[in-house]
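> 3D model of this:
(chains A, B, C and D)
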There are 4 protein chains.
Amino acid sequence: YYLLESSDIVNIYRQRQSFSHKGTFGHALIYAGSIGKSGAALLCAEACIYSGAGLTSVCIPEEDRIALHTRLPEAMYLNIEDAWKIERRAAFSAIAIGPGLGNNTSLIEQIIKETKVPLVIDADGLNYLALNQSLLGLLPKRTILTPHMKEFDRIFGESSSWWSRLLLAIRKAKEYQIIIVLKNRYTFIILEDGRVMINPTGSPAMASGGMGDALTGIIVSFIAQGYTSEEACILSCYLHGKAGDSLAAAGRSPVSATQLIAKMPFIIGDIKN
Amino acid sequence: YYLLESSDIVNIYRQRQSFSHKGTFGHALIYAGSIGKSGAALLCAEACIYSGAGLTSVCIPEEDRIALHTRLPEAMYLNIEDAWKIERRAAFSAIAIGPGLGNNTSLIEQIIKETKVPLVIDADGLNYLALNQSLLGLLPKRTILTPHMKEFDRIFGESSSWWSRLLLAIRKAKEYQIIIVLKNRYTFIILEDGRVMINPTGSPAMASGGMGDALTGIIVSFIAQGYTSEEACILSCYLHGKAGDSLAAAGRSPVSATQLIAKMPFIIGDIKN
Amino acid sequence: YYLLESSDIVNIYRQRQSFSHKGTFGHALIYAGSIGKSGAALLCAEACIYSGAGLTSVCIPEEDRIALHTRLPEAMYLNIEDAWKIERRAAFSAIAIGPGLGNNTSLIEQIIKETKVPLVIDADGLNYLALNQSLLGLLPKRTILTPHMKEFDRIFGESSSWWSRLLLAIRKAKEYQIIIVLKNRYTFIILEDGRVMINPTGSPAMASGGMGDALTGIIVSFIAQGYTSEEACILSCYLHGKAGDSLAAAGRSPVSATQLIAKMPFIIGDIKN
Amino acid sequence: YYLLESSDIVNIYRQRQSFSHKGTFGHALIYAGSIGKSGAALLCAEACIYSGAGLTSVCIPEEDRIALHTRLPEAMYLNIEDAWKIERRAAFSAIAIGPGLGNNTSLIEQIIKETKVPLVIDADGLNYLALNQSLLGLLPKRTILTPHMKEFDRIFGESSSWWSRLLLAIRKAKEYQIIIVLKNRYTFIILEDGRVMINPTGSPAMASGGMGDALTGIIVSFIAQGYTSEEACILSCYLHGKAGDSLAAAGRSPVSATQLIAKMPFIIGDIKN
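Predicted coordinates:
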């Protein structure tokens, strides 16, 4: 059990080098959104871009493409079938699956089996795993799952206490060689070797819809930029919470996901090595 | 007759506790909007989110879903028939009906009869009550009606003076065991036991379309967060007016509903117990 | 020839009174926009709302309704045929016709003949007048035309110099008993009795598309609020230019119409009687 | 080889004169966007407007028109066939082709052959040139190409080093009498007479999707305003980088294209002759 500190962030974060270009910072693919829940996909994509990914492609229902372009002209729209064509998929350096995805799950299984790059699975992506447990064994090493308590229990079964849930999470992370980001007031990052990192940042002002979607977007962004799954989870949980803390300290309650995302460039820009 | 003071707000408001999460702050359902008037629904939903509801689902015409996602990615879209399916409706902890609803009223009666959670009825929802007076007797206890003068008169008949209107409102609030928020320069909150609270905040700079929609969104947000109907009305009227006052004091005339909503997190964050 | 001064604005502007409500500030109808040019309608409507009209209804092509709601939820959408139905038209206290209207002109003639409230005619509305000169004699008294030089010449014929154009404008304003706002670096307001007001505010940083649309929205807003055509023109030209000056003085070049509109509440709020 | 300095900008930039109007600052045509990549077109158009063009017309797929109006009401939408009708094309004073254009290339060849005004060709427009090399010889004099390294290599063939690529670019610029803006950490502006300008501004915080689209919009904006191709390239590269530097210096990492564009009016307004 290790409590993260700001010095860990300073050690992990690598300042952007001169002569880097958008290719240096990777290309994230976000497979998210469904009719009625595409807002979650927008927040995930927005968080990805504002955390520094070089390029971000978003697979939402085509009916909601206008919302993506209007809100986030830096993003590209793809339908998931096109995105996953064999000649195209190599372009992506990290993949997030799940925010607002609903039953729009046709390619999850195929992506899990075929991906060569790290996955972040959240929300309805986790619900799909809960219903298709056999996929757990197929997850690529260091895949990141980001469940809150209920989502965790749906996948791995109910626990009688937070403590027993944590022990179960450690066991499962080791068994499947994955990283579990168990979201709570203090989020626990459970690594594939059983180590547990506890994130101290975050505020109750952040308890609102969309915050998890933003976190997923931040994680996939850092992976796209070349950080390891472990590094990306640590940076993301810490900085996401710090952005919320900073907005709350400036007098806001509640803090919305949109505002938190807009704060991210300042929080990242503030890391001094 | 009791004139609200800032100490009342401090007494009612409960600071967000550590270890709270989005579930702690409830799930509001907003049944609003119609072709041409969906802006009212957007303002209502935006006010709900920016006042702290954990989750907000919005039933507007499907044709306007893109506007909802673009403006407010934290919100979810549902069509009203899906929202009110028996397996789903239990998810909602408070319901607002009416802003911009037009003739899109097919489920009002059913919701009034079946809801287990508090209702806030505004605008075209009130007009529907005016035309269907028999529903008044079916309103759940502590339902909140938020009429301006004309809407009040349409439901309960014309009055010869503000004073006689107020007495009528007191009688009706007691008869139906509802809360009537009678909107005016000084808004009167008439409780189901006949007590009357007078709200001192607010500014003529706020006299513009959309302000009432925002107020409805704030009320339903506080109910979703677990406040009683009485507490929610007091907090909402006071803070809504204070947000407007604050923007006007900073030199704005007029104050738009959009700006007032964006100010709410600062006004709420400023309540010091 | 009278050069407007800030004291004129102070004398004309009436501070918002306590106990006023949105009805006090009127209901503006904006008949504008066409496929490809609906942005002009949005700017006009936005300027109308942010200058203080109580309610704003906008007749743009239905295909662009989503853009209106997304950008400006305070506005209502109507199609022009519905808006002009006999039972509805009495609701409007001022009408603007023209920004981005294109050939979407089917009801101009009918509105000119039937309106009981002041008209502001701009842009493609002016081009329609140029092609239908017989309508000039039917314009209600104190109708406001807001041509730039080319639009003026298209309606009233070419002039050999600014001076002869001005004399022609004076003659035409008297002949038709209308107000001509002849837009230029120094905009000339030519009243129906032949008086000429010269507006000193404005900046070359404002020379960009959409500024005229915004001015039209400001004029119709002040008329809706109960100002006379003369008062509305004086207030609008002066404050529109002052908003631009203020943004330019703060270091912006160019100043966009969107930014100018967002500044209006501060410029109006700054008028001290 | 000449390293640009701020004094070059001061010498080139012409302050906006009193009595200028939107016509003074030209009319830019932007032919960009395709299904899924229309965000690039929006960024290009936004940059064009916020850099001071008098009018901006945008040819994107009609399906994405709503996104254009919602985000950027100052812009007009046209389909490319209408825009290029013989009676209309004379209205445009500068033309950008390419951001997000995809395979939506039907009129590129015709425009290259028929244009009477300067062209800026970027992104998918460059890819089209790579596939249709015979067009290179038909480019109007002082056409501007804005390739990054990979796009350059696709058109002119691979080079073994940056130095040999630069020599090739000089040869090609002279051969075709065009200007090549070779984008990199230090962007090289290679003029048609073989002179090379090196731009010192810019930051790794800007390494993200959309930055190139913004640069193209800035260049076409300055050409529309009457600057020569050479002047426009110098102003645009320098000011684009300076806007990014300024945002990065204020603590942002990453800097998004949207934010850079919003900064442009302040950067331009800050040029003191």
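> what does chain A put close to chain B?
A:35-40, A:42-43, A:46, A:63-64, A:66-67, A:70-71, A:100, A:148, A:184-185, A:204-205, A:207-211, A:248, A:251-259 (Cβ under 8 Å from any Cβ of the partner chain). Where you see a C-beta, it was placed from the backbone N, CA and C, and this is true even at glycine.
> who in chain A is up against chain D?
A:16-22, A:24-25, A:49-56, A:65-66, A:68-70, A:72-78, A:265-266, A:268-270.
> Out of those residues, which end up buried?
A:16, A:20-22, A:25, A:49-56, A:65-66, A:68-70, A:72-78, A:265, A:268-269 (16 or more other Cβ atoms under 10 Å in any protein chain shown).
> Give me the subset of those lying in helices.
A:I49, A:Y50, A:R65, A:I66, A:L68, A:H69, A:T70, A:P265, A:I268, A:G269 (DSSP state H).
> quick one: which of the residues you listed is nearest C:R154?
A:T70 (35.1 Å; Cβ to Cβ).
> Now do the closest one against D:Q259, distance only.
16 Å (Cβ to Cβ, to the nearest Å).
> Show the average pLDDT along stretch A:116-132.
The average pLDDT within stretch A:116-132 is 97.
> what does stretch A:182-192 give?
Rounded mean pLDDT across stretch A:182-192 is 94.
> Which residue is the nearest non-sequential neighbour of A:I267?
A:A243 (4.7 Å; Cβ to Cβ, 6 or more residues apart in numbering or on different chains).
> What's the local residue count around the spatially closest residue to A:R142 that is not a sequence neighbour?
Leaving aside its sequence neighbours, A:R142 sits nearest to A:S229 (Cβ to Cβ, 6+ apart; 4.0 Å). By other Cβ atoms under 10 Å in any protein chain shown, the residues close to A:S229 number 24.
> Skipping adjacent residues, who's closest to A:S38 in space?
Using Cβ to Cβ, 6+ apart, the nearest residue to A:S38 is A:D64, at 4.0 Å.
> In contact with that neighbour: list those residues for me.
A:G33, A:I35, A:S38, A:A41, B:R65, B:I66, B:H69 (Cβ atoms under 8 Å, 6 or more residues apart in numbering or on different chains).
> from these, which is closest to chain D?
If you rank those by distance to chain D using Cβ to the nearest Cβ, B:I66 comes first, at 7.5 Å.
> Help me confirm that the closest one comes into contact with D:E63.
No: between B:I66 and D:E63 there is no contact under Cβ atoms under 8 Å: 12.0 Å.
> what is in contact with those two at once?
A:I66.
> give the contact list for the residue nearest to A:I267.
A:L260, A:K263, A:M264, A:I267 are the contacts of A:A243 under Cβ under 8 Å, 6+ apart.
> Which one of these is nearest to chain B?
The closest of these, once distances to chain B are taken by Cβ to the nearest Cβ, is A:L260, at 10.6 Å.
> what about the nearest residue to the closest one once chain neighbours are set aside, which helix or strand?
Leaving out its chain neighbours, the residue that sits closest to A:L260 by Cβ to Cβ, 6+ apart is A:A243, at 4.9 Å. Element membership for A:A243 (DSSP states H and E) is helix A:229-249.
> one step back: among the contacts of A:A243, which pair sits farthest apart?
Going by Cβ to Cβ, the pair spanning the contacts of A:A243 furthest: A:L260 and A:I267, at 9.2 Å.
> More neighbours: which of these two?
A:L260 (30 against 26).
> these two touch, right, the more buried one and A:M211?
Yes: counting by Cβ under 8 Å, A:L260 touches A:M211, with 7.0 Å between them.
> Now for the two: what residues contact both?
A:H240, A:G244.
> And the helices in the stretch 51-200 of chain A, which stretches?
A:65-71, A:80-83, A:108-114, A:123-131, A:149-156, A:162-176 (DSSP state H, counting those that start in this stretch).
> can I get those helices in CSV with distance to C:I9?
Shown next, in CSV, are these (distance: least, Cβ to Cβ, whole Å):
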stretch, distance to C:I9
helix A:65-71, 37
helix A:80-83, 57
helix A:108-114, 63
helix A:123-131, 55
helix A:149-156, 60
helix A:162-176, 64
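> Could I get the contacting residues of A:A262?
Counting by Cβ under 8 Å, 6+ apart, A:A262 has contacts A:Y50.
> make that A:V255, sorry
A:S203, A:A205, A:M206, A:S208, A:G244, A:L247, A:A248, B:P265.
> Select from these the one having the most neighbours.
A:M206 (30 neighbours).
> Return the residues in contact with that one.
Here A:M206 is in contact with A:G241, A:G244, A:A248, A:P254, A:V255, A:L260 (Cβ under 8 Å, 6+ apart).
> Against A:L101, how distant is the closest residue to A:I97 other than its chain neighbours?
Sequence neighbours aside, A:G125 is the residue nearest to A:I97 in space, at 4.1 Å (criterion: Cβ to Cβ, 6+ apart). Distance, A:G125 to A:L101, using Cβ to Cβ: 6 Å.
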